[in-house]
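*Asks:* When you get a sec, could you give me coordinates for this:
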Amino acid sequence: MSTVEESYLVGLIGSGVLVSLTPPLHEHEADALGLRYLYRPLDLDTIGRTPAQIAELLAAGAALGYNGFNITHPCKQEVVQHLDELSPAATAIGAANTVLIRESRLRGDNTDVSGFAAAMSSGLPGADLKSVVLLGAGGAGAAVSHALLSSGVKQLVIVDIDQPRAEQRVAEMATQFPGATLVASVPDELPALLPGASGLVNATYTGMHNHPGMPVPADLLRPDLWVADIVYRPIVTELVAAASALGCAVLDGGYMATAQAADTFRLITGIEPDRDRMRAHFLQLIAQGR
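*Replies:* Prediction:
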């Protein structure tokens, strides 16, 4: 367990991370808790490094006294082979978004998994988990699928434009969750899939400020379908707006963003942050156009 007398040096490694809200989220919460905490983004594009150089960046961080790193695109899978140990979640999906440095040993974790599970619990309590359609079988989809199945989803349909990738994800999840029904599908099948679903999750880039649009046709939504999005820029995506207008129970991407940040903060410091305060600060940052 850490104490308030300690100081913390944390970094974020990835491409295009200078605009990330994770550093201010961590530092603001640390200030509120009376911790000395410095969080700096290390943008691969800015410092002239490639994902293949992640090992040397981690080694340099350990030598300089960093307590840990968040890892984001495009390094979450690349980093795994360079770590000394992995948490069960990181092992299960073959990706890590958090690296803790303890006595020169590197331990990988994945708070995308726990973050989405926590987001569901707080933002969609009591959601019907009978049958869920998940859009996206990539890295984000892997974390979300694991979180959904761990949360008790009975049937999960993974939809991706790359059907072999969806089939591979289903095969991986089937070995870990043998009691669940898993199906791989493609977007063309959504008109047949969504009428029987209790929930819909978007784990694709569609809806981001630089990838605008709807990941599903709006006429496939219905009021009794709960809808979750992992995109948080904008926080009200076209999917979230359309679902809200219909009266659907909705989970915006900010819930996962703040929950995974809170989980990482706890792993690094050993101190449980105030999650409601972090959510409120996140919304304030969004409102300020950060």
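*Asks:* who touches Gln6 in this structure?
*Replies:* Careful, residue 6 is Glu and not Gln. 35-36, 269 (C-beta atoms under 8 Å, 6 or more residues apart in numbering). In this view, the C-beta of every residue, glycine as well, is placed from N, C-alpha and C.
*Asks:* cutoff 10 Å now
*Replies:* 35-37, 67, 269-271 (C-beta atoms under 10 Å, 6 or more residues apart in numbering).
*Asks:* Repeat that for Ile268.
*Replies:* Ile268 makes contact with 2, 8-10, 26, 30, 37, 39, 66-70, 98, 100-101, according to C-beta under 10 Å, 6+ apart.
*Asks:* Quick one: classify the residue nearest to Ala218 when sequence neighbours are not counted as helix, strand or coil.
*Replies:* In space, and not counting its chain neighbours, Ala218 is closest to Ala242: 4.6 Å by C-beta to C-beta, 6 or more residues apart in numbering. Secondary structure state of Ala242, per DSSP: H, G, I helix; E, B strand; the rest coil, is helix.
*Asks:* Next, count neighbours for Ala242.
*Replies:* Neighbours of Ala242 under the rule other C-beta atoms under 10 Å: 18.
*Asks:* Test my guess that it contacts Val216.
*Replies:* Yes - counting by C-beta atoms under 10 Å, Val216 is a contact partner of Ala242 at 9.1 Å.
*Asks:* residues shared between the contacts of those two?
*Replies:* By C-beta under 10 Å, 6+ apart, the residues touching both Ala242 and Val216 are Val227.
*Asks:* one step back: gap between the residue nearest to Ala218 and Tyr205?
*Replies:* As judged by C-beta to C-beta, to the nearest Å, Ala242 and Tyr205 stand 18 Å apart.
*Asks:* same check, this time on Ala55
*Replies:* For Ala55, the distance to Tyr205 - C-beta to C-beta - is 27 Å.
*Asks:* what does Leu9 give?
*Replies:* If you go by C-beta to C-beta, the gap between Leu9 and Tyr205 works out to 31 Å.
*Asks:* Would you map the helices across the stretch 101-250 of the chain?
*Replies:* Taking DSSP state H, counting those that start in this stretch as the test, the helices found in the stretch 101-250 of the chain are 111-123, 139-150, 163-176, 190-193, 238-246.
*Asks:* How about the contacts made by the residue nearest to Arg40 when sequence neighbours are not counted?
*Replies:* Distance criterion C-beta to C-beta, 6+ apart; nearest residue to Arg40, sequence neighbours excluded, is Gly11 at 5.4 Å. By C-beta under 10 Å, 6+ apart, Gly11 lies in contact with 17, 23, 38-42, 57-58, 61, 64, 66-71, 99.
*Asks:* can you do 8 Å?
*Replies:* If you count contacts by C-beta under 8 Å, 6+ apart, then Gly11 has 39-42, 61, 66, 68-70 around it.
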